[in-house]
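**Q** Kindly generate the corresponding structure for this input.
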Amino acid sequence: MRYEIKGDSLPVVICELEAGEQMVNQGGAMSWMTPNMSMSTEGGGSLGKALGRMFSGEKIFRNVYTANGGPGMIAFSSSFPGSIVAVEVTPDKPVILQKSAFLAATPGVNSEVFFNRKVSTGLFGGEGFIMQKWSGSGLLFVEVDGSAVEYELGPGETMVISTGDLAMMDATCRMDVETVKGAKNVLFGGEGLFLTHVTGPGKITLQTMSAGDLASRLAPYMVKNGD
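**A** Numbers count the residues shown, from 1 in each chain. Prediction:
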């Protein structure tokens, strides 16, 4: 399978498949395809796995697209202004995603629920108590809000991140939450009460504008009902 990511703020990934090759995605992401691409909707495993996907921000059912009778083409578009990142998942390198970050993947990549080890991390870290862990072998396409910025953290190296701006990290990384120090900083600093700390080793992908941040910044300009 060959792919190309096009577009700026509203990108699309165009996948060129050989006969018999497949792509898996959530409903609603497909934008266009050649006529020989067939679709089947599947639950993707047991009831427990389906419920796990629901709690981690995915839909219970997935669509599987197959190239029949020769090469085929299919395109998947981002659902929010941002970036699409291609990740090569291997058995020894699973990744952790924020909710709703999954766009599409090859069939060899599988997801499961990932629970943050500390309840406080999930409640106040901005990424949520339940995230997604993707493992197996294959290619994974990830939606990132805004622009994607990547860092490779060494063992024990830490990055301090505004809540909600962590899009993805290697499963070898550890995520914790710490309270902003100083009453004046909390009350007048504008950075909130908590900050996310991610410690390596591993790669992290940050997003410059999360959907939540965009909504909060637009809220003062929204006209209230009746005004």
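**Q** which residues in the chain form helices?
**A** Secondary structure of the chain (DSSP state H): helices located at 47-55, 119-124, 183-188, 211-218.
**Q** Worst mean pLDDT among those?
**A** Mean pLDDT per stretch puts helix 183-188 lowest among the helices of the chain, at a mean of 41.
**Q** By mean pLDDT, which helix or strand of this protein comes out lowest?
**A** Counting by mean pLDDT, DSSP states H and E, the chain has its least confident helix or strand at helix 183-188, which shows a mean of 41.
**Q** ok, now which ones touch the residue lying closest to residue 171 once chain neighbours are set aside?
**A** Nearest residue to residue 171, sequence neighbours excluded (Cβ to Cβ, 6 or more residues apart in numbering): residue 94, at 4.4 Å. Yep, even glycine has a C-beta here, placed from its N, CA and C like the rest. By Cβ atoms under 8 Å, 6 or more residues apart in numbering, the contact set of residue 94 is 133, 134, 135, 136, 170, 171.
**Q** Report the buried residues of stretch 169-182.
**A** Residues of stretch 169-182 classed as buried by neighbour count (16 or more other Cβ atoms under 10 Å): 169, 170, 172, 173, 174, 175, 176, 177.
**Q** Apologies, that question was intended for stretch 145-156.
**A** 145, 146, 148, 153.
**Q** now swap in stretch 83-99 and tell me
**A** Going by 16+ other Cβ under 10 Å, stretch 83-99 has these buried residues: 83, 84, 85, 87, 89, 94, 95, 96, 97, 98.
**Q** Report the lowest-confidence entry in these.
**A** residue 98 (88).
**Q** Extract the residue ranges of the chain that are flagged as low pLDDT.
**A** 44-60, 116-129, 179-193, 213-217, 223-227 (pLDDT under 70).
**Q** Now with 80, please.
**A** Along the chain, the parts satisfying pLDDT under 80 run over 27, 43-61, 115-130, 163, 177-194, 210-227.
**Q** distance of residue 132 from residue 105?
**A** Distance from residue 132 to residue 105, counting by Cβ to Cβ, to the nearest Å: 11 Å.
**Q** Repeat that for residue 136.
**A** Between residue 136 and residue 105 the computed distance is 9 Å (Cβ to Cβ).
**Q** Between those two, point out the one with more neighbours.
**A** Shown here are residue 136 and residue 105; by other Cβ atoms under 10 Å, residue 105 has more neighbours (23 against 16).
**Q** Please list all residues in contact with that one.
**A** 23, 24, 25, 134, 138, 139, 140, 141.
**Q** what two of those residues are the furthest from one another?
**A** 23 and 134 (14.9 Å; Cβ to Cβ).
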